[in-house]
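J.: Provided below are the primary sequence and the corresponding predicted coordinates.
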Amino acid sequence: MYLIIDGSSMLSTNYYGTLPFSVLTAKTDEEKAKHFKEIMQTKDGVYTNGVFSSLRNILNIINDQQPEGIAVCLDASRDTFRRELYSDYKAQRGGTPSPLKEQFNTFNKILNEIGIPTFYSTRFEADDLAGSLARKIESLGGTCAVMSADKDYYQLVTSNTKFWRIIPSPAQPKYKKLYGINFSQYVKDNNLPKGVFEITEDTGIIADKEIIHLTPEQFIDYLSVVGDKVDNIPGVQSVGPKSIVPLLQEYGTLSDIYSAIQEAMDEGTMKQLADDFKEIGVKKSTINALMDHKDEADLSRLLAQINCSCPVPNDLESYKLNINKDGLAEVINRYEFKSLEKFIDEEMELERE
């Protein structure tokens, strides 16, 4: 199995998860900046809190899960092709804090020094690159796990690609309740990285505080309608999960839903269609909302769908795990990661035959 990691998601999660309390609770950017000196850094003032935790996570995965290969995908710019389609895409997001911004460059440099390939592009996002890598590895006969905290990766799931979703500690009780598991024991029993829940075609995904059972392809349609506040994807106004999920389960695709509405309009059977919607718990007003905002749904699909056609290497050898132990030792020394020295011991299996 090959592991594809959303490095931007991992680094950001680890950065915010290890910030000093003083930075987390500061109310303004100016107040936060006053406490930046308390963030983990080298004696030369290089910020390392997110990088350290991310590197430790990856090295633990190499030893515990032993993937055949690892690739890390990073965001290089917000001005990707999606901004060209919709200028307000992610427009509500603030600037990246300087200690985190600096660590993106450090993380990329470290990974390359130790022999883990990284992929980034000013035109595509990390999830596009991850999707393209997954499809390429599948086409070459390999199997994958894609690892991220972002629920959108569910659309990449196939019989040969699993989604290792990173679940922050505060959200784990929700998984315990809805899936009926002890999260820590579940991770142990399934040989998963700490804090990871494995999503397959049969698992469903938690959205709107409940498990929804849609195919990965239907999940794209779901996002096209409900939108995404985090990425500022508009979706369809007034149509939420409680309406679109049963409609997709009944009709199959968003395109089929629109075809059914258009057919009813052409044949004068709108009352029957409204009754059909009512039978599955969907209000009649949903019909008008979908038709009035079809352009927004079409745009939202273009924004929400992961582009799996980015140029990536066309051979499995490019993704094979081959850790440079000398490079790792140098990184550990340079960035003062003393507690990671155990990973260069002879007993640690950092290289595969």
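T.: On my side now, so go ahead.
J.: could you look up the SS state of Thr96?
T.: What DSSP: H, G, I helix; E, B strand; the rest coil gives for Thr96 is coil.
J.: what's around it, how many residues?
T.: Number of residues near Thr96 (other Cβ atoms under 10 Å) recorded here: 15. (Each C-beta comes from the backbone N, C-alpha and C, glycine too.)
J.: now Thr80
T.: Neighbourhood size, Thr80 [other Cβ under 10 Å]: 19.
J.: check Asp275 too.
T.: Neighbourhood size, Asp275 [other Cβ under 10 Å]: 11.
J.: ok, so what distance separates it from Met10?
T.: 49 Å (Cβ to Cβ, to the nearest Å).
J.: ends of stretch 72-86, what's the gap?
T.: From its first residue to its last, stretch 72-86 covers 27 Å (Cα to Cα, to the nearest Å).
J.: buried stuff in it?
T.: Under the neighbour-count criterion of 16 or more other Cβ atoms under 10 Å, stretch 72-86 has 72-76, 80-82, 86 buried.
J.: repeat that for stretch 150-158.
T.: 150-157.
J.: now those in TSV, with secondary structure, pLDDT and distance to Asp221?
T.: As requested, the buried residues of stretch 150-158 are arranged in TSV below (DSSP: H, G, I helix; E, B strand; the rest coil; pLDDT from 0 to 100; distance: Cβ to Cβ, whole Å):
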residue	secondary structure	pLDDT	distance to Asp221
Asp150	coil	93	18
Lys151	helix	93	15
Asp152	helix	94	13
Tyr153	helix	97	16
Tyr154	helix	96	12
Gln155	helix	97	10
Leu156	helix	98	15
Val157	coil	97	15
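J.: and the residues you listed, which two are furthest apart?
T.: Spanning the widest gap among the buried residues of stretch 150-158 are Asp150 and Val157, at 13.2 Å by Cβ to Cβ.
J.: residue contacts, the spatially closest residue to Cys310 that is not a sequence neighbour?
T.: Nearest residue to Cys310, sequence neighbours excluded (Cβ to Cβ, 6 or more residues apart in numbering): Ser132, at 3.9 Å. Residues near Ser132 by Cβ atoms under 8 Å, 6 or more residues apart in numbering: 124, 307-312.
J.: what's the helix or strand for Ser132?
T.: According to DSSP states H and E, Ser132 maps onto helix 126-139.
J.: strands of the stretch 1-150 of the chain, start to end?
T.: 2-6, 69-73, 118-119, 144-148 (DSSP state E, counting those that start in this stretch).
J.: what about the ones you listed, which gets the closest to Glu341?
T.: Comparing those by Cβ to Cβ, strand 69-73 comes nearest, at 20.7 Å.
J.: neighbours around Lys188, how many?
T.: 11.
J.: host element of it?
T.: Short version, using DSSP H and E: Lys188 is in helix 183-189.
J.: hmm, back to that, could I get the buried residues of stretch 72-86 as JSON lines with pLDDT?
T.: Shown next, in JSON lines, are the buried residues of stretch 72-86 (pLDDT from 0 to 100):
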{"residue": "Val72", "pLDDT": "97"}
{"residue": "Cys73", "pLDDT": "97"}
{"residue": "Leu74", "pLDDT": "97"}
{"residue": "Asp75", "pLDDT": "94"}
{"residue": "Ala76", "pLDDT": "91"}
{"residue": "Thr80", "pLDDT": "93"}
{"residue": "Phe81", "pLDDT": "95"}
{"residue": "Arg82", "pLDDT": "94"}
{"residue": "Tyr86", "pLDDT": "92"}
